[in-house]
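Participant: Have a look at this prediction, sequence included:
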Amino acid sequence: MSNHLFDALRRCIADDDAVFIETGEGRIWTYGDMLQWSGRIAGAIDTLGIRPGDRVAVQVEKSAEALMLYLACIRCGAVYLPLNTAYTLAELDYFIGDAEPRLVVVAPKAAEGIKAVAARYGALVETLDDHGGGSLIDLAKDESPDFVDATRAPDDLAAILYTSGTTGRSKGAMLTQNNLLSNALTLRDHWRFTADDRLIHALPIFHTHGLFVATNVVLTSGASMFLLPKFDPAEILELMPRATAMMGVPTFYVRLLQNAGLTREAVTGMRLFISGSAPLLADTHRAFQERTGHAILERYGMTETNMNTSNPYEGDRIAGTVGFPLSGVTVRVTHPETGAVLPVDETGMIEVKGPNVFIGYWRMPEKTKAEFRDDGFFITGDLGKIDPRGYVHIVGRGKDLVISGGYNIYPKEVESEIDQLPGVIESAVIGVAHPDFGEGVTAIVVKQSGSALDERTILDALQNRLARYKQPKQIIFVDDLPRNTMGKVQKNVLREQYGNIYASKASA
Ligand code: MLC
Ligand code: AMP
């Protein structure tokens, strides 16, 4: 009887009394506490009738208890399905309908709204607040801390993470126990994490970066983390003397650089700064090194693949590159149309293969098939090249995707919402260079002649339909969208035309 992932995490605990989490409020969770509470919550989930393979959808604020819930699902074999706290009820309806979870865990204030949706799909609803309360915790208190973990094989599902992907609606990426474990062990070794590390964790825990990369690397090294509710540069600078490492999206580094408290002295205890989820500008890399003496280590990953490449721990961390393929991961660059493998330095489609790569999209066999080559390589949708030294460079995206502050936005989804509004003929949504978020969601809209439609009316209409980060930072009205001879909207022309609109704004 074994649980592939959780057994391995147990083996990585050297001392039950060692600190696993210190919260922003100073509450301490030891590894022993983690075992007890993840056990109690696993017991509660089991008592509710959730069986291995059932999905548990979770939309809750960041807290230590939320991480216990993730670990509880691994232990009882439920498939963990985290959801962005910014999603509106309209968006949740899709995820719940598609994943058909047996249990939905939400913040108490969201429980009323979600009940009707959950009932429609036969799901139970429990609550978890950001201070360790809620109906799920009440149930857990009555359970034994000594839960007997469900048997789970390496290829059994551990989680489903929805991703905007390249086409159509959001797709659930199915990640196995071994996808998560193999990547965590590889990253731990590559980045030299040990029980002496104290990670600053300011990322959300509903995405790969904060959930798997940060949390699983800490767990597999027996390290500890400062679990902060959100990114706050002043709070992070205050913690740095007690920390050794930080993981963040590029916006974290842009914002830290705006703070005069970021100095060489402030980072003397830190050994590693890691960036990923979106391109880190070479300027940011340079400015950070000049100010602190630290070369940010940039790595590249995806929801579907966990982490693929990383700059070296020892050796040159080169700005504008994402480093070398991780141990056990193969990366190749192919011709986007023919699939032929391209020589060094030629730009094409980045494809990856390895134990980190997911097993497919939830209930979408056709889409899964379309995004894998016959020899098992996954087609990432990112365009790049491998230079003569072996460093991977990401030079663009073959997929129509905007990445804002590390969150992905699928333009089609925003366009569909705008196009439904009275007075709109059509729209094109693009990402435009933004000094704070990297890219800012921008909508170019053609309205019917004589329509009084304005920016405010459109933004108000999107309020309850789309998560805040997907809503355009600016709406521009035009008479026509530029099209090529095939009639396809030329988004590259729009990106060029409006490329400077956020240039003067320090943050928006
Ligand atoms: C918040 N807002 C955003 C936004 N985050 N808008 C666009 N893009 C974002 N990423 C909105 C807010 O709702 C608010 O709207 C306004 O912008 C300003 O808010 P803020 O207070 O400045 O935002 P903040 O809370 O500080 O959040 C910014 C952030 C956060 C960058 C810290 O977005 C963040 O933590 N991002 C990390 C995302 C991440 O973990 N990605 C990993 C995905 S996994 P208003 O109008 O109401 O004021 C992945 C794979 C891999 O990609 O390789 O890792
Ligand atoms: P997601 O679907 O949210 O997992 O986002 C994955 C996408 O983020 C990748 O396909 C890339 O386009 C992008 N990405 C992740 N890390 C990097 C990076 N270091 N540099 C550039 N793009 C990145």
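Facilitator: That came through fine. Ligands and ions are numbered 1, 2, ... in the order given.

Participant: Only C-alpha atoms from now on, for both contacts and neighbour counts.
Facilitator: OK.

Participant: what does the protein put close to ligand 1?
Facilitator: Within the chain, the positions near ligand 1 by Cα under 6 Å from any ligand atom are 203-204, 207-210, 231, 249, 251, 276-277, 300-303, 404-407, 437, 468-469.

Participant: Which ones, among these, also lie beside ligand 2?
Facilitator: Among those, ligand 2 is touched by 276-277, 300-303, 407 when using Cα under 6 Å from any ligand atom.

Participant: who in the stretch 351-500 of the chain is up against ligand 2?
Facilitator: 380, 382, 394, 407-408.

Participant: And those, which is closest to ligand 1?
Facilitator: Ligand 1 lies nearest to residue 407 out of these, by Cα to the nearest ligand atom, at 4.9 Å.

Participant: burial count for that closest one?
Facilitator: Neighbour count of residue 407, defined by other Cα atoms under 10 Å: 18.

Participant: could you measure it against residue 420, distance?
Facilitator: 24 Å (Cα to Cα, to the nearest Å).

Participant: ok, the most centrally placed residue in the chain - contacts?
Facilitator: Nearest to the mean C-alpha position of the chain, by Cα atoms, centre = their mean, lies residue 207 at 3.0 Å. If you count contacts by Cα atoms under 8 Å, 6 or more residues apart in numbering, residue 207 has them with 82, 84, 161, 303.

Participant: And the contacts of stretch 178-187?
Facilitator: 4-5, 8, 154-155, 212-213, 216-217, 220, 306-307, 326-327, 355-358.

Participant: do stretch 248-268 as well
Facilitator: 202-203, 231, 233-234, 237, 240-241, 273-281, 284, 287-288, 291-293, 405-406, 436-438.

Participant: Span of it from start to end?
Facilitator: 18 Å.

Participant: got any ranges where the stretch 101-250 of the chain has weak pLDDT?
Facilitator: The stretch 101-250 of the chain contains residues with pLDDT under 70 at 165-168.

Participant: ok, what's across the strand from the residue in it that ligand 2 sits nearest to?
Facilitator: Residue nearest to ligand 2 within the stretch 101-250 of the chain (Cα to the nearest ligand atom): residue 163, separated by 5.3 Å. Beta-bridge partners for residue 163, by DSSP bridges, are residue 171.

Participant: Can you give me the neighbour number for it?
Facilitator: Counted with other Cα under 10 Å, residue 163 comes out at 19.

Participant: repeat for residue 393
Facilitator: Residue 393: 22 neighbours (other Cα under 10 Å).

Participant: Just the element for it, please.
Facilitator: Residue 393 is part of strand 392-397 when elements are defined by DSSP states H and E.

Participant: and that strand, which strands flank it?
Facilitator: strand 378-386 (antiparallel).

Participant: from the chain's centre, how far out does the strand it pairs with sit?
Facilitator: 18 Å (Cα atoms, centre = their mean, to the nearest Å).

Participant: Check stretch 451-470 too.
Facilitator: Computed by Cα atoms, centre = their mean, the chain-centroid distance of stretch 451-470 equals 25 Å.

Participant: As a quick check, tell me the outermost residue of this structure.
Facilitator: residue 450 (42.3 Å).

Participant: And the strands in the stretch 151-300 of the chain?
Facilitator: Listed in chain order, the strands of the stretch 151-300 of the chain (DSSP state E, counting those that start in this stretch) span 157-163, 171-176, 198-201, 224-227, 245-248, 272-275, 297-302.

Participant: can you list the weak-confidence ranges in the chain?
Facilitator: In the chain (pLDDT under 70), the answer is 165-168, 504-508.

Participant: Mind listing what's buried along the helix ranked longest in it?
Facilitator: Secondary structure of the chain per DSSP state H: the longest helix is helix 31-47. Buried residues in helix 31-47, counted by 16 or more other Cα atoms under 10 Å: 31, 33-46.

Participant: Now do the next helix or strand after that helix: which elements does it pack against?
Facilitator: The helix or strand immediately downstream of helix 31-47 is strand 55-59, counting by DSSP H and E. Applying 3 or more Cα pairs under 8 Å, 6 or more residues apart in numbering; DSSP states H and E, we find strand 55-59 packed against strand 79-82, strand 103-106.
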